[in-house]
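Asker: Need a 3D model of the sequence below.
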Amino acid sequence: MTGRRYPTRSAAPRRPGRGRQTVGRRRGGQGKDAAGLLVAAALASVLVPQARRWLELHGSGIAAVAVAAMGAGVLILLLTKAVRRGLSAWAGRLRRPEGWNIRYLDGLHHTEFEEAVRDLMRRDGARDAVRVGGAGDNGADVKATDPAGRRWVIQCKHRQDGAAGAAVGTPDLHVLNGTGRPVHGGDVVVLVTNGRFTGPAREFARSQRLHLVDRSLLDRWAAGSASLWELLPHLPAPRRRRPVFVNWKQR
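Answerer: Numbers count the residues shown, from 1 in each chain. The predicted structure follows:
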């Protein structure tokens, strides 16, 4: 029985010279790598001795510069840590207004003074207190709502010299009186200063139902003995009733 013959595939024609080209390219690449190594070795043999001589001549100067740079780096690091500690301490005081006194408030910038009044209102329960002071504030620096629902509009006048600074007069109160209720919708319109008020300013405030917080009253308020709505007299009636707590033990 004769075996069946199956047709066999003919091998693809081999392109002449393909293997020789690959070998040639490999040999060419190896030659280039060897040439690059020889050039690098030649440059190193020239540059390394020169660099060694330069270091021998100027080594002391380089060492001095390095030591000075290290010292400057350490000094900068220490100063940065000190500044950060100071800033964190300042921020901590702002977060703890119960520790303030009038001397601390005297040392603030006028924008920080406005933020301090805002934080005092928040401390006493006016959680929505915001600082709105700046260009175009229409006489209001702080706005807040007390626990009784009354809307407070506060203008702040900071004096760097405290009681020795210029007294707050009626012109500032005219601006506040013209915008506190009609523009800002305030129920309680207040001017707070770490300084003092003139006599005419007090008379005008009394006639227009404006409330004044001078240096003495501000010191009491900042000390935390009572909230501002407990320290000021003749406030308008609450907008909402306070919750009534029942003593169940007596029922």
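Asker: Provide the secondary structure category for Ala163.
Answerer: helix (DSSP: H, G, I helix; E, B strand; the rest coil).
Asker: Isn't it up against Leu218?
Answerer: No. The criterion here is Cβ atoms under 8 Å, and Ala163 misses it with Leu218 at 11.0 Å. Any C-beta I mention is one placed from the backbone N, CA and C, and that applies to glycine too.
Asker: between these two, who's got more neighbours?
Answerer: When neighbours are counted by other Cβ atoms under 10 Å, Ala163 and Leu218 differ, and Leu218 comes out ahead with 24 against 15.
Asker: and the more buried one, what pLDDT?
Answerer: If you check Leu218, the pLDDT there is 97.
Asker: Contacts only, for it.
Answerer: Applying Cβ atoms under 8 Å, 6 or more residues apart in numbering, we find Leu218 in contact with Ile102, Leu105, Val192, Thr193, Asn194.
Asker: Which of the residues you listed fall within strands?
Answerer: Of those, the ones assigned to strands by DSSP state E are Val192, Thr193.
Asker: Save the contacts of Leu218 as TSV, and put in pLDDT and distance to Leu78 too.
Answerer: Listed next are the contacts of Leu218 as TSV, based on pLDDT from 0 to 100; distance: Cβ to Cβ, whole Å:
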residue	pLDDT	distance to Leu78
Ile102	94	34
Leu105	96	31
Val192	98	39
Thr193	98	40
Asn194	98	35
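Asker: Just the buried subset of the contacts of Leu218, please.
Answerer: Among the contacts of Leu218, the ones that count as buried by 16 or more other Cβ atoms under 10 Å are Ile102, Leu105, Val192, Thr193, Asn194.
Asker: Let's test this: what are the backbone torsions at Asp141?
Answerer: Per-residue torsions, Asp141: phi -110, psi -30 (degrees, to the nearest 10).
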